[in-house]
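Participant: output the structure for:
(chains A, B, C and D)
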Protein chains: 2
Amino acid sequence: MNETFVTNWKSQVKKGTLTFIILNVLKNNEYYGYELIEQIRKHTEIEIAEGTLYPLMNRLKTEELVDSKWVEQETGIPRKYYALTEAGIETLSHMNIYWKNLEESIKKIIK
Amino acid sequence: MNETFVTNWKSQVKKGTLTFIILNVLKNNEYYGYELIEQIRKHTEIEIAEGTLYPLMNRLKTEELVDSKWVEQETGIPRKYYALTEAGIETLSHMNIYWKNLEESIKKIIK
DNA sequence: CTATATACTTTGTTATACTATGTATTTTGT
DNA sequence: ACAAAATACATAGTATAACAAAGTATATAG
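Facilitator: You can find the predicted model right below:
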(Lines give C-alpha, C1' and ligand atoms only; values in the text may rest on other atoms or scores of the structure.)
Protein backbone atom coordinates (compact mmCIF):
# COMPACT_ATOMS: atom_id res chain seq x y z
CA MET A 1 0.00 0.00 0.00
CA ASN A 2 1.20 3.50 -0.78
CA GLU A 3 0.77 5.27 2.57
CA THR A 4 1.82 8.79 1.64
CA PHE A 5 -0.28 8.61 -1.49
CA VAL A 6 -3.36 7.84 0.58
CA THR A 7 -2.58 10.61 3.10
CA ASN A 8 -2.12 13.04 0.26
CA TRP A 9 -5.28 11.83 -1.43
CA LYS A 10 -7.34 12.40 1.70
CA SER A 11 -6.10 15.97 1.80
CA GLN A 12 -7.12 16.42 -1.83
CA VAL A 13 -10.56 14.94 -1.23
CA LYS A 14 -11.11 17.60 1.39
CA LYS A 15 -10.72 20.31 -1.21
CA GLY A 16 -14.26 21.23 -1.97
CA THR A 17 -15.87 18.68 0.32
CA LEU A 18 -14.85 20.70 3.38
CA THR A 19 -16.56 23.79 2.03
CA PHE A 20 -19.59 21.69 1.30
CA ILE A 21 -19.65 20.17 4.77
CA ILE A 22 -19.24 23.50 6.55
CA LEU A 23 -22.05 25.14 4.59
CA ASN A 24 -24.35 22.21 5.31
CA VAL A 25 -23.56 22.33 9.02
CA LEU A 26 -24.39 26.04 9.06
CA LYS A 27 -27.72 25.34 7.36
CA ASN A 28 -29.35 24.49 10.68
CA ASN A 29 -27.43 26.53 13.22
CA GLU A 30 -24.94 29.27 13.86
CA TYR A 31 -21.51 28.09 14.93
CA TYR A 32 -18.18 29.67 15.74
CA GLY A 33 -14.98 28.46 14.14
CA TYR A 34 -13.49 26.37 16.88
CA GLU A 35 -16.85 24.78 17.53
CA LEU A 36 -17.17 23.79 13.85
CA ILE A 37 -13.87 21.92 14.04
CA GLU A 38 -14.95 20.12 17.20
CA GLN A 39 -18.46 19.29 16.03
CA ILE A 40 -17.20 17.80 12.80
CA ARG A 41 -14.44 15.84 14.51
CA LYS A 42 -16.90 14.38 17.00
CA HIS A 43 -19.62 13.46 14.54
CA THR A 44 -17.45 12.32 11.63
CA GLU A 45 -13.98 10.96 10.88
CA ILE A 46 -12.96 14.26 9.34
CA GLU A 47 -10.13 16.24 10.92
CA ILE A 48 -9.92 19.93 10.09
CA ALA A 49 -6.78 21.91 10.89
CA GLU A 50 -7.28 25.42 12.25
CA GLY A 51 -5.08 26.75 9.50
CA THR A 52 -7.58 25.23 7.09
CA LEU A 53 -10.83 26.36 8.66
CA TYR A 54 -10.21 30.03 9.35
CA PRO A 55 -9.00 30.92 5.86
CA LEU A 56 -11.92 28.88 4.52
CA MET A 57 -14.40 30.88 6.57
CA ASN A 58 -12.86 34.11 5.33
CA ARG A 59 -13.25 32.91 1.75
CA LEU A 60 -16.90 32.10 2.37
CA LYS A 61 -17.38 35.55 3.85
CA THR A 62 -15.65 37.26 0.92
CA GLU A 63 -17.94 35.32 -1.40
CA GLU A 64 -20.88 36.50 0.74
CA LEU A 65 -22.10 32.99 1.42
CA VAL A 66 -21.79 33.47 5.17
CA ASP A 67 -21.96 36.38 7.59
CA SER A 68 -20.10 36.64 10.86
CA LYS A 69 -20.52 38.48 14.13
CA TRP A 70 -18.32 38.74 17.19
CA VAL A 71 -19.99 37.60 20.40
CA GLU A 72 -18.40 38.63 23.71
CA GLN A 73 -18.34 35.92 26.36
CA GLU A 74 -18.94 36.44 30.07
CA THR A 75 -15.70 34.61 30.55
CA GLY A 76 -13.11 33.69 27.96
CA ILE A 77 -12.19 34.81 24.49
CA PRO A 78 -14.84 36.36 22.20
CA ARG A 79 -16.23 34.05 19.54
CA LYS A 80 -16.88 34.76 15.89
CA TYR A 81 -20.21 33.20 14.94
CA TYR A 82 -21.01 32.33 11.35
CA ALA A 83 -24.40 32.10 9.64
CA LEU A 84 -25.50 31.39 6.07
CA THR A 85 -26.66 34.33 3.98
CA GLU A 86 -29.53 34.14 1.49
CA ALA A 87 -26.98 33.69 -1.28
CA GLY A 88 -25.33 30.99 0.80
CA ILE A 89 -28.58 29.06 1.14
CA GLU A 90 -29.24 29.21 -2.58
CA THR A 91 -25.69 28.35 -3.56
CA LEU A 92 -25.73 25.41 -1.17
CA SER A 93 -28.86 23.99 -2.76
CA HIS A 94 -27.07 23.92 -6.12
CA MET A 95 -24.09 22.27 -4.50
CA ASN A 96 -26.31 19.64 -2.92
CA ILE A 97 -27.69 18.71 -6.32
CA TYR A 98 -24.19 18.32 -7.78
CA TRP A 99 -23.06 16.27 -4.80
CA LYS A 100 -26.01 13.91 -4.98
CA ASN A 101 -25.22 13.35 -8.63
CA LEU A 102 -21.53 12.77 -7.98
CA GLU A 103 -22.22 10.42 -5.14
CA GLU A 104 -24.50 8.28 -7.27
CA SER A 105 -22.06 8.27 -10.15
CA ILE A 106 -19.29 7.06 -7.89
CA LYS A 107 -21.56 4.47 -6.34
CA LYS A 108 -22.25 3.09 -9.80
CA ILE A 109 -18.55 2.99 -10.64
CA ILE A 110 -17.45 1.36 -7.39
CA LYS A 111 -19.69 -1.67 -7.68
CA MET B 1 -26.46 32.39 -6.21
CA ASN B 2 -22.70 32.69 -6.58
CA GLU B 3 -22.13 31.12 -9.98
CA THR B 4 -18.36 31.35 -10.24
CA PHE B 5 -18.06 30.05 -6.72
CA VAL B 6 -19.99 26.91 -7.65
CA THR B 7 -17.96 26.40 -10.83
CA ASN B 8 -14.76 26.73 -8.84
CA TRP B 9 -16.11 24.44 -6.14
CA LYS B 10 -16.90 21.70 -8.64
CA SER B 11 -13.31 21.86 -9.88
CA GLN B 12 -12.06 21.57 -6.32
CA VAL B 13 -14.33 18.61 -5.60
CA LYS B 14 -12.72 16.83 -8.52
CA LYS B 15 -9.35 17.03 -6.82
CA GLY B 16 -9.11 13.67 -5.18
CA THR B 17 -12.39 12.28 -6.44
CA LEU B 18 -10.98 12.00 -9.97
CA THR B 19 -8.09 9.86 -8.80
CA PHE B 20 -10.55 7.74 -6.86
CA ILE B 21 -12.89 7.35 -9.82
CA ILE B 22 -10.13 6.45 -12.25
CA LEU B 23 -8.70 3.77 -9.96
CA ASN B 24 -12.15 2.29 -9.41
CA VAL B 25 -12.86 2.20 -13.13
CA LEU B 26 -9.57 0.36 -13.70
CA LYS B 27 -10.51 -2.19 -11.04
CA ASN B 28 -12.56 -4.18 -13.51
CA ASN B 29 -10.91 -3.53 -16.84
CA GLU B 30 -7.95 -2.12 -18.70
CA TYR B 31 -8.60 1.17 -20.44
CA TYR B 32 -6.62 3.67 -22.46
CA GLY B 33 -6.63 7.35 -21.60
CA TYR B 34 -9.01 8.73 -24.16
CA GLU B 35 -11.40 5.86 -23.47
CA LEU B 36 -11.40 6.66 -19.74
CA ILE B 37 -12.51 10.22 -20.45
CA GLU B 38 -15.29 8.99 -22.71
CA GLN B 39 -16.47 6.19 -20.43
CA ILE B 40 -16.72 8.51 -17.46
CA ARG B 41 -18.46 11.23 -19.46
CA LYS B 42 -21.02 8.76 -20.76
CA HIS B 43 -21.79 7.05 -17.48
CA THR B 44 -21.62 10.08 -15.20
CA GLU B 45 -21.96 13.86 -15.23
CA ILE B 46 -18.21 14.24 -14.77
CA GLU B 47 -16.18 15.97 -17.47
CA ILE B 48 -12.44 15.34 -17.48
CA ALA B 49 -10.12 17.58 -19.46
CA GLU B 50 -7.32 15.83 -21.34
CA GLY B 51 -4.83 18.11 -19.65
CA THR B 52 -6.13 16.70 -16.39
CA LEU B 53 -6.16 13.01 -17.21
CA TYR B 54 -2.76 12.45 -18.78
CA PRO B 55 -0.73 14.07 -16.00
CA LEU B 56 -2.93 12.19 -13.50
CA MET B 57 -2.17 8.86 -15.16
CA ASN B 58 1.54 9.66 -15.09
CA ARG B 59 1.31 10.40 -11.36
CA LEU B 60 -0.46 7.10 -10.76
CA LYS B 61 2.28 5.35 -12.70
CA THR B 62 5.05 7.10 -10.77
CA GLU B 63 3.34 6.02 -7.56
CA GLU B 64 3.22 2.50 -8.99
CA LEU B 65 -0.53 2.18 -8.59
CA VAL B 66 -1.01 1.54 -12.30
CA ASP B 67 1.03 0.03 -15.09
CA SER B 68 0.80 0.97 -18.74
CA LYS B 69 1.55 -0.65 -22.06
CA TRP B 70 1.45 0.64 -25.59
CA VAL B 71 -0.84 -1.30 -27.91
CA GLU B 72 -0.45 -0.82 -31.66
CA GLN B 73 -3.67 -0.57 -33.63
CA GLU B 74 -4.33 -2.11 -37.04
CA THR B 75 -5.48 1.34 -38.03
CA GLY B 76 -5.07 4.56 -36.15
CA ILE B 77 -2.89 5.90 -33.37
CA PRO B 78 -1.36 3.48 -30.82
CA ARG B 79 -3.10 3.42 -27.46
CA LYS B 80 -1.59 3.40 -24.00
CA TYR B 81 -3.53 0.95 -21.85
CA TYR B 82 -3.56 1.25 -18.08
CA ALA B 83 -4.07 -1.49 -15.48
CA LEU B 84 -4.01 -1.55 -11.67
CA THR B 85 -0.94 -3.02 -9.98
CA GLU B 86 -1.10 -5.10 -6.78
CA ALA B 87 -0.20 -1.97 -4.80
CA GLY B 88 -2.95 -0.14 -6.69
CA ILE B 89 -5.56 -2.70 -5.70
CA GLU B 90 -4.55 -2.55 -2.04
CA THR B 91 -4.33 1.23 -1.95
CA LEU B 92 -7.72 1.48 -3.59
CA SER B 93 -9.32 -0.72 -0.94
CA HIS B 94 -8.12 1.72 1.73
CA MET B 95 -9.46 4.61 -0.27
CA ASN B 96 -12.82 2.90 -0.63
CA ILE B 97 -13.10 2.58 3.14
CA TYR B 98 -12.33 6.27 3.64
CA TRP B 99 -14.79 7.27 0.95
CA LYS B 100 -17.62 5.17 2.40
CA ASN B 101 -17.00 6.82 5.74
CA LEU B 102 -16.94 10.31 4.24
CA GLU B 103 -20.07 9.69 2.23
CA GLU B 104 -21.99 8.56 5.28
CA SER B 105 -20.71 11.45 7.36
CA ILE B 106 -21.88 13.91 4.74
CA LYS B 107 -25.22 12.15 4.43
CA LYS B 108 -25.74 12.57 8.16
CA ILE B 109 -24.80 16.25 8.00
CA ILE B 110 -26.98 17.08 5.02
CA LYS B 111 -30.22 15.87 6.52
C1' DC C 1 2.84 28.41 38.28
C1' DT C 2 3.04 25.56 34.52
C1' DA C 3 0.75 23.02 31.11
C1' DT C 4 -3.27 22.41 28.56
C1' DA C 5 -7.43 23.96 26.36
C1' DT C 6 -9.88 27.53 24.11
C1' DA C 7 -10.17 30.80 20.10
C1' DC C 8 -8.62 33.24 16.19
C1' DT C 9 -4.86 34.66 12.67
C1' DT C 10 -1.11 34.57 9.22
C1' DT C 11 2.83 32.84 6.36
C1' DG C 12 4.83 29.65 3.38
C1' DT C 13 4.66 25.10 1.05
C1' DT C 14 2.69 21.62 -1.76
C1' DA C 15 -0.44 19.16 -4.73
C1' DT C 16 -3.56 19.05 -8.47
C1' DA C 17 -7.28 20.55 -11.86
C1' DC C 18 -7.61 23.39 -15.78
C1' DT C 19 -6.61 26.27 -19.96
C1' DA C 20 -4.10 26.42 -23.80
C1' DT C 21 -1.22 24.65 -27.04
C1' DG C 22 1.14 21.20 -29.70
C1' DT C 23 1.86 16.72 -32.32
C1' DA C 24 0.02 13.18 -35.37
C1' DT C 25 -3.39 10.09 -37.47
C1' DT C 26 -8.02 8.89 -39.06
C1' DT C 27 -12.78 9.64 -40.21
C1' DT C 28 -16.65 12.40 -41.71
C1' DG C 29 -19.01 15.83 -44.39
C1' DT C 30 -19.85 18.31 -48.65
C1' DA D 1 -10.62 15.73 -53.09
C1' DC D 2 -10.29 18.73 -49.31
C1' DA D 3 -11.49 20.74 -44.93
C1' DA D 4 -13.13 19.87 -40.52
C1' DA D 5 -13.82 17.07 -36.74
C1' DA D 6 -12.61 13.23 -33.98
C1' DT D 7 -9.12 10.28 -32.05
C1' DA D 8 -4.98 9.89 -28.97
C1' DC D 9 -1.29 11.49 -26.31
C1' DA D 10 1.72 15.20 -24.14
C1' DT D 11 3.36 19.47 -21.68
C1' DA D 12 3.81 24.30 -19.80
C1' DG D 13 1.85 27.70 -16.97
C1' DT D 14 -1.74 29.34 -13.62
C1' DA D 15 -4.83 29.28 -9.76
C1' DT D 16 -6.67 27.31 -5.71
C1' DA D 17 -7.02 25.20 -1.26
C1' DA D 18 -5.30 22.10 2.56
C1' DC D 19 -1.78 21.92 5.77
C1' DA D 20 2.15 22.64 8.98
C1' DA D 21 3.94 25.86 11.84
C1' DA D 22 4.10 29.72 14.39
C1' DG D 23 2.00 33.52 16.78
C1' DT D 24 -1.48 36.16 19.99
C1' DA D 25 -4.36 36.01 24.03
C1' DT D 26 -7.40 34.21 27.80
C1' DA D 27 -8.90 30.57 31.02
C1' DT D 28 -8.60 26.41 33.65
C1' DA D 29 -6.68 22.16 35.71
C1' DG D 30 -3.08 19.86 38.21
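Participant: state the mean pLDDT of stretch A:83-98.
Facilitator: What stretch A:83-98 shows for mean pLDDT is 95.
Participant: that stretch and chain B, any residue contact?
Facilitator: Yes: counting by C-beta under 8 Å from any C-beta of the partner chain, chain B is contacted by stretch A:83-98 at A:87, A:90-91, A:94-96, A:98. Heads up, the C-betas are built off the backbone N, CA and C, glycines and all.
Participant: show the buried residues in those.
Facilitator: When the residues of stretch A:83-98 next to chain B are checked for burial by 16 or more other C-beta atoms under 10 Å in any protein chain shown, the buried set is A:91, A:94-95, A:98.
Participant: pull the number of nearby residues for the closest residue to DNA strand D within chain A.
Facilitator: Going by C-beta to the nearest atom of the strand, DNA strand D is nearest to residue A:51 of chain A, at 2.5 Å. Using other C-beta atoms under 10 Å in any protein chain shown, residue A:51 is surrounded by 8 other residues.
Participant: quick one: the strands in chain A?
Facilitator: Remark: strands assigned in chain A by DSSP state E are A:31-32, A:66-71, A:79-84.
Participant: including mean neighbour count and distance to DNA strand C, could those strands go into CSV?
Facilitator: Converted to CSV, the strands of chain A look like this (neighbours: other C-beta atoms under 10 Å in any protein chain shown; distance: least, C-beta to the nearest atom of the strand, whole Å):
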stretch, mean neighbour count, distance to DNA strand C
strand A:31-32, 18, 4
strand A:66-71, 14, 8
strand A:79-84, 19, 4
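Participant: dump those strands into TSV; add distance to residue B:16 as well.
Facilitator: Shown next, in TSV, are the strands of chain A (distance: least, C-beta to C-beta, whole Å):
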stretch	distance to residue B:16
strand A:31-32	25
strand A:66-71	24
strand A:79-84	25
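Participant: which of the ones you listed sits closest to residue A:44?
Facilitator: Judged by C-beta to C-beta, the one of the strands of chain A that comes nearest to residue A:44 is strand A:31-32, at 14.5 Å.
Participant: and the closest one, how far from the chain's centre?
Facilitator: 12 Å (C-alpha atoms, centre = their mean, to the nearest Å).
Participant: quick one: strands adjacent to it?
Facilitator: The sheet places strand A:31-32 alongside strand A:79-84 (antiparallel), with pairing taken from DSSP bridges.
Participant: return the residues of chain A in contact with DNA strand D.
Facilitator: A:10-11, A:14-16, A:18-19, A:47-52, A:55-56, A:59, A:75-77 (C-beta under 7 Å from any atom of the strand).
Participant: among those, name the buried ones.
Facilitator: Here, 16+ other C-beta under 10 Å leaves A:10, A:14-16, A:18-19, A:48, A:56 buried among the residues of chain A next to DNA strand D.
Participant: which of the residues you listed fall within helices?
Facilitator: Judged by DSSP state H, these include A:10, A:14-16, A:18-19, A:56 as members of helices.
Participant: quick one: buried residues of the biggest helix by length in chain A?
Facilitator: The single longest helix within chain A, with elements called by DSSP H, is helix A:86-110. Of all the residues in helix A:86-110, those buried under the rule 16+ other C-beta under 10 Å are A:88, A:91-92, A:94-95, A:98-99, A:102, A:105-106, A:109.
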